[in-house]
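Enquirer: Need coordinates for the below:
(3 chains)
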Amino acid sequence: MAQSSQTKKRKGILGALVLVAGAIGLFWSLVVAPPDAYQGNVQRIMYLHLPSILTAYLSYFLVFVGSALYLWKREKRDDLLAHSAAEIGVLFTALTIIEGSIWGRPTWGVWWTWDARLTLTAILLLIYVGYLMLRSLIEDENRAASAAAVLGIIGFLDIPLIHMSVYWWRTLHQPPSILRPDKVPWENVHPSMLTALAISFAGFLLLYFYLLSLRYRLGEMREEIKARRLERGT
Amino acid sequence: MALLRETYLLLWKDLLLELRRRDSLLTMFFFGTLLLFVFHFSFDPAPEKVAAMAPALLWLAFLFTGTLGLAQLFHSERENHCLDALLLSPLDRGALFLAKSCFNLVLMVVVEIVVIPLFWILFNLSSWNLLPQLFLVTLLGTIGFCVLGTITSAITLRARARELLLPLVLFPLMIPVILATIRCMENVLRTGEFGDAIPWLRLLIGFDVIFLTVGVLIFDWVIES
Amino acid sequence: MGAWGFVSLAYGIVWGIILVYLVLLKRRYVNTAAELDALKSKEATRSDAKT
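Expert: Now for the predicted structure:
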C-alpha cells in the first residue's frame, strides 16, 4: 500500500515542527534559562538529558505494547512498531548515556561513574541492543518476530525490578551527595528553566515521532517488497 | 492439577535421560570446579578478603555454569523431531516451561551443593554454620536464573551464534537477581543473619514469582515449530 | 574545558548523532522506495503485456 499524499504532507509538517521546536528549544536552553545556582552553565545539559531518557522510556513502552499486540493478534504492523521503537529507543538511550557522561565530567571529575542513573541507562541499552541482535540473528522472519516480542515483554517487565535493585545498591550505606546530575535542584528552579525543559521535551517528542514514522514506513516498504517478490515467485 | 502432572511427566523424562548419560551434569560440575581454580589463580586473595569476595566469585561461577546447562536445555528434543512431537501433543506449553526450568534447576542445585562446600574448603573459610542460609539465597537466585534462562534459551533456539546470544540477552535481565543474591550472601557472611538484607530477599522472591508466572503464561508463543 | 565547552560538546554530539542517523535512515528509505517502485513498474508492464 502506497503512502497517501496526505500522509506525506503530514510527515513534512512534522519534520518542519521538529526543526522549529529544536531551534526554539536550543535558544531557550542556552540563552533564556539562567545558569544553575550550584552547577553553573554545565547544568544546561539537563535540557538534553532528561528529555532523552524520558523519550527512551516511552520508546520501550511502545516496544512492550507492540510486542504484546503482536503475540495476541499476529498482525505485522505491531511487530513493525516494536522493531522501529526498539531501534530508535536504543538511539536515544545511547544519547542519554553520552549526555550523562559529559555532564558528569565537570561535575564529578570523571567520565564514568557507576551511579544509579548511568548504570540503569547502560543496562537498558544492553537489553535493547540484545533485542535488536536477537532479531538480526534469527533467519525466519516470523520466528524472529515472535522471539523478539517475548523479549520485548520480558525486558519491559524487568525494568522496575532492575530500577529497584540498582537504586538500593547505590543508595544503601551511602550518604546522599549534594551535587548529582540526576538530582534536579528544584529548590532554585527559575520558571524559565521549567519552560526550557518543557520546550526541549516537546522538541524531543516531535523528533522521536518523526524518526519513528520514518523507520516504520521503511519497515512497511520492506514488507511490501517481500510480499510482491513472493507473489511473483522471485 | 493437569499442569503439574504434565510438568512432572516431562521433568521425569529429562531427569531419566540425564541419569543415564549424565552429560550435562558432569560437564557443569567440572566446569564449576574449574572456575574456582581459575579464580584462585586470577585473584589470589588474602584470607581476610576471601569471605568478602566469596558471594561474587560463587555467583560468577554459577552464572557461567548455568549458562552451559541452558545451552543444552533443549538438546534432547532436537533428535527425531521430538520438539515437533511435543508441540503437536495436547501438552500445556506452560508445563514444558516448568519442566525445563525445574530440570535446569535440579542440575544447578546438584552442582551448587558440591561447589559451595568445595569453595569453603579450597579457600579455607570457617563460617560453615552459615551455609544453610547461603544455600537458601543461592536456591532463590538459581530459581530466578532458571526461569528467565529457560525462556531465553527457548527464544534463541533457532538463532545463529546462539551460544553467544543467550548470555548476551540473559545477563542484563538477571541483574536484579545477581545484585540481590550477592548482597544477601554478603550480609549473611558479615553479620551471621539476614537482617538488613531482608528487602533484597523479598525482591528475589518477587522476581521469581513474577517471571515464573510470566513464563507459564507466555510459553505458548515462545516455542513454535 | 570551561562549562560552555562541555555544553557545546554535549549539544554538538547529540545533534551530530541524530543527523547521522537521519542521513542513514533517509538513505535506506530512498533505496527501499526505489526498489519498491521498480517492482511496481515491472508489475505494471507485465499486466500491460498480458492485456
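Enquirer: If we go by neighbour counts, what in the longest helix belonging to chain B is buried?
Expert: In chain B, taking DSSP state H as the definition, the longest helix is helix B:93-122. Neighbour-count burial for helix B:93-122, with 16 or more other CB atoms under 10 Å in any protein chain shown as criterion, is recorded at B:93-109, B:111-112, B:115-116, B:119-120. Placement of C-beta: from N, CA and C, glycine included.
Enquirer: What of stretch B:179-199?
Expert: Buried residues in stretch B:179-199 (16+ other CB under 10 Å): B:179-189, B:194, B:197, B:199.
Enquirer: what separates the closest residue to residue B:59 other than its chain neighbours from chain C, distance-wise?
Expert: Excluding the flanking residues, the one nearest residue B:59 by CB to CB, 6 or more residues apart in numbering or on different chains is residue B:182, at 5.6 Å. Distance of residue B:182 to chain C, given as CB to the nearest CB, to the nearest Å: 34 Å.
Enquirer: Next up, the contacts around residue B:182.
Expert: Residue B:182 sits next to B:55-56, B:59 when contact means CB atoms under 8 Å, 6 or more residues apart in numbering or on different chains.
Enquirer: In PyMOL, how would I select just the buried ones from those residues?
Expert: Burial among those is assessed by 16+ other CB under 10 Å; the matching PyMOL selection reads:
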select buried, chain B and resi 55+59
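Enquirer: Out of the contacts of residue B:182, flag the one nearest to residue B:170.
Expert: residue B:59 (13.9 Å; CB to CB).
Enquirer: ok so, going back, least confident of the buried residues of stretch B:179-199?
Expert: Ranked by pLDDT, these bottom out at residue B:194, which has 83.
Enquirer: now the longest helix of chain B, how far from the centre of its chain.
Expert: 6 Å (CA atoms, centre = their mean, to the nearest Å).
Enquirer: Next SSE downstream of that helix?
Expert: helix B:131-155 (DSSP states H and E).
Enquirer: Now that following helix: average pLDDT?
Expert: 94.
Enquirer: Quick check: buried residues in the helix or strand following that helix?
Expert: The first helix or strand that comes after helix B:131-155 along the chain, using DSSP H and E, is helix B:162-173. Within helix B:162-173, the residues scored as buried using 16+ other CB under 10 Å are B:165-173.
Enquirer: can you check stretch B:1-11 too?
Expert: Quick answer for stretch B:1-11 (16+ other CB under 10 Å): B:6-7, B:10-11.
Enquirer: next one: stretch B:73-92
Expert: B:73-74, B:76-77, B:83, B:86, B:91-92.
Enquirer: what about the closest residue to residue A:99 other than its chain neighbours, neighbour count?
Expert: The spatial neighbour of residue A:99 that comes closest, neighbours along the chain excluded (CB to CB, 6+ apart), is residue A:49 at 4.4 Å. The local packing of residue A:49 (other CB atoms under 10 Å in any protein chain shown) involves 26 other residues.
Enquirer: what's the pLDDT at residue A:42?
Expert: 77.
Enquirer: Quick check: the gap between it and residue A:31.
Expert: 16 Å (CB to CB, to the nearest Å).
Enquirer: Of those two, which one has the most company?
Expert: residue A:42 (24 against 10).
Enquirer: Confirm that the more buried one sits in a helix.
Expert: Yes: assessed with DSSP: H, G, I helix; E, B strand; the rest coil, residue A:42 lies in a helix.
Enquirer: is it true that it touches residue A:106?
Expert: Yes: between residue A:42 and residue A:106 a contact is recorded at 4.9 Å, counting by CB atoms under 8 Å.
Enquirer: Find residues that contact each of the two.
Expert: C:3, C:6.
Enquirer: so what does whichever strand or helix holds residue B:68 touch, helix or strand wise?
Expert: In this structure, residue B:68 sits in helix B:47-71 according to DSSP H and E. For helix B:47-71, the packing partners by 3 or more CB pairs under 8 Å, 6 or more residues apart in numbering or on different chains; DSSP states H and E come out as helix B:23-43, helix B:93-122, helix B:131-155, helix B:162-173, helix B:175-191.
Enquirer: can you list these in JSON lines and add distance to residue B:67?
Expert: As requested, the helices and strands packed on helix B:47-71 are exported to JSON lines (distance: least, CB to CB, whole Å):
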{"stretch": "helix B:23-43", "distance to residue B:67": "10"}
{"stretch": "helix B:93-122", "distance to residue B:67": "10"}
{"stretch": "helix B:131-155", "distance to residue B:67": "7"}
{"stretch": "helix B:162-173", "distance to residue B:67": "5"}
{"stretch": "helix B:175-191", "distance to residue B:67": "13"}
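Enquirer: Which of those sits closest to residue A:99?
Expert: Short answer: helix B:162-173, nearest of the helices and strands packed on helix B:47-71 by CB to CB, at 20.9 Å.
Enquirer: for the closest one, packing partners?
Expert: helix A:116-137, helix A:141-171, helix B:47-71, helix B:131-155.
Enquirer: which of those sits most buried?
Expert: Greatest average neighbour count among the helices and strands packed on helix B:162-173 goes to helix B:131-155 (a mean of 23), per mean count of other CB atoms under 10 Å in any protein chain shown.
Enquirer: ok, and does it reach over to chain A?
Expert: Yes: applying CB under 8 Å from any CB of the partner chain, one finds helix B:131-155 in contact with chain A at B:148, B:151, B:155.
Enquirer: mind listing what the residue nearest to residue A:99 touches?
Expert: A:96, A:99-100, A:103, A:181.
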